[in-house]
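**Student:** What follows is a predicted structure for the sequence shown.
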Amino acid sequence: MDYQKYLSITPEIEDALKNNKPVVALESTILSHGMPYPDNLEFAHKVEKIIRDLGAIPATIAILNGKLKVGLNDEELLTMCEAKNIAKASRRDVAVYLATGQAAATTVATTMLISELAGIKVFATGGIGGVHRGAEKTMDISADLQEFAHTNVAVVSAGCKAILDLGLTLEYLETYGVPVLGYKTDEFPCFYSDTSGFKVDYAVPDAQTAAKILKTKWDLGLNGGVLIGNPIPHEYSLNHNKIDGVIDKALEMAKEKGIKGKATTPFLLATIKDLTGGESLASNLQLAYNNARVAAEIAVEYSKL
């Protein structure tokens with residue numbers, strides 16, 4: 001396949017991949033569409049530092065100047081954080097944005113896709129997309145879930161975004177044979193909260209065990225991703241019932257304004273932030289930092305195998 005001409009990998013990351021050094025992929029939608037500037041720029045630098053401090057190399061991913069960018073320099077990172085005319089790219093958009101030169105931030109699905117093309121096996125994000133509440137009527141199901149079905153990348157996240165239907169999301173992943181692991185927990189985390197009432201398939205005690213599971217899965221030719229649910233640190237966890245009430249209110253506001261499709265998640269996250277007086281954003285930052293730490297630890301262990 002002639003995809004190499006579309007890939008632009010920084011020399012540092014290219015060297016790391018050739019020499020089996022640990023690399024952790026990072027999405028850019030959280031920067032361009034998930035946080036205000038300049039908070040997002042500070043966040044981006046801090047996440048990359050956390051990964052480096054643990055012995056891995058960060059690879060923030062985006063679509064810029066007709067290329068799939070794997071690793072961003074300071075100027076490119078600033079461009080993504082200022083978010084001027086930056087689209088949001090899922091799998092269906094990739095060819096269009098590459099061909100037209102449209103700059104775009106990558107969702108979980110697109111970051112997984114580009115990570116696999118580059119050869120990166122571990123990816124840290126905040127929360128994945130999934131089955132939206134009311135999906136039995138709207139059919140609103142994130143493309144992230146289909147990506148898990150056939151793309152060989154492990155994603156460390158604080159579960160799926162709390163605005164979603166967790167039960168249906170887990171059922172969907174089970175149908176497509178996607179292992180859902182709990183990192184030092186047997187309960188599926190719920191983004192802002194460390195509890196959800198839903199169990200994971202398997203609890204893993206440490207990064208080494210998680211890495212061994214990934215290696216074994218792909219050695220067997222069992223294609224598809226792995227979701228590693230990593231709970232938000234307890235001291236930053238929000239009350240599950242309280243945040244659920246806030247989400248219900250935000251969903252009602254979205255319905256009243258006629259907000260649908262790609263615009264839904266950014267609207268809901270911004271509204272939840274306002275309704276919680278910024279408390280949800282603070283939690284969002286902490287869970288993302290925590291996911292970067294765990295992803296780096298797993299990437300380091302995976303590189304040893």
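**Tutor:** Yep, it's here.

**Student:** Let me see the contact set for the residue most central in space within the chain.
**Tutor:** In the chain, the centroid-proximal residue (C-alpha atoms, centre = their mean) is Thr125; its distance is 3.0 Å. Neighbour list for Thr125: Leu26, Glu27, Ile30, Val108, Thr111, Val155, Val156, Ser157, Ala288, Asn291 [criterion: C-beta atoms under 8 Å, 6 or more residues apart in numbering]. (C-beta placed from N, C-alpha, C; glycine too.)

**Student:** go on, Ile228?
**Tutor:** With C-beta under 8 Å, 6+ apart, Ile228 has these contacts: Ala154, Val155, Val156, Ser157, Leu181, Gly182, Tyr183, Val204, Ala210, Val294, Ile298.

**Student:** Got phi/psi on it?
**Tutor:** Taking degrees, to the nearest 10, you get phi -110, psi 100 for the backbone angles of Ile228.

**Student:** Beta-bridge partners for it, please?
**Tutor:** Val156, Leu181 (DSSP bridges).

**Student:** Out of the contacts of Ile228, which comes closest to Gly129?
**Tutor:** Ser157 (10.1 Å; C-beta to C-beta).

**Student:** so how far is stretch 282-295 off the chain centroid?
**Tutor:** 11 Å (C-alpha atoms, centre = their mean, to the nearest Å).

**Student:** could you give the mean pLDDT of it?
**Tutor:** The average pLDDT for stretch 282-295 rounds to 95.

**Student:** hmm, who's touching it?
**Tutor:** With contacts defined as C-beta under 8 Å, 6+ apart, stretch 282-295 is touched by 24, 26, 30, 34-35, 43, 46-47, 50-51, 54, 56, 58, 122-127, 156-158, 183, 191-192, 207, 228, 230, 232-233, 236-238, 269.

**Student:** quick one: buried residues of the longest helix anywhere in the chain?
**Tutor:** Longest among the helix segments of the chain by residue count, using DSSP state H, is helix 279-304. Under the neighbour-count criterion of 16 or more other C-beta atoms under 10 Å, helix 279-304 has 279-281, 283-303 buried.

**Student:** from the chain's centre, how far out does it sit?
**Tutor:** How far helix 279-304 lies from its chain's middle: 10 Å, per C-alpha atoms, centre = their mean.

**Student:** For the residue lying farthest from the centre of the chain, give its distance to Ala109.
**Tutor:** Among residues of the chain, the one most distant from the C-alpha centroid is Glu256; the distance is 28.4 Å, by C-alpha atoms, centre = their mean. Glu256 is 28 Å from Ala109, where distance means C-beta to C-beta, to the nearest Å.

**Student:** now the helices for the stretch 1-150 of the chain?
**Tutor:** 11-18, 29-32, 39-53, 74-82, 94-100, 108-118, 135-138, 143-150 (DSSP state H, counting those that start in this stretch).

**Student:** Output the below-cut-off pLDDT ranges for the stretch 1-150 of the chain.
**Tutor:** For the stretch 1-150 of the chain, residues meeting the criterion pLDDT under 70 lie at 1.

**Student:** Let's see that with 90 instead.
**Tutor:** Scanning the stretch 1-150 of the chain for pLDDT under 90 picks out the ranges 1-2, 34-36, 132-140.

**Student:** which phi and psi does Leu220 have?
**Tutor:** With angles defined as degrees, to the nearest 10, Leu220 sits at phi -80, psi 0.

**Student:** Count the neighbours of it for me.
**Tutor:** Burial of Leu220 is recorded as 8 neighbouring residues (other C-beta atoms under 10 Å).

**Student:** Could you tell me how far it is located from Lys249?
**Tutor:** Going from Leu220 to Lys249 by C-beta to C-beta gives 46 Å.

**Student:** Could you do Pro36 as well?
**Tutor:** Per C-beta to C-beta, Pro36 is found 21 Å from Lys249.
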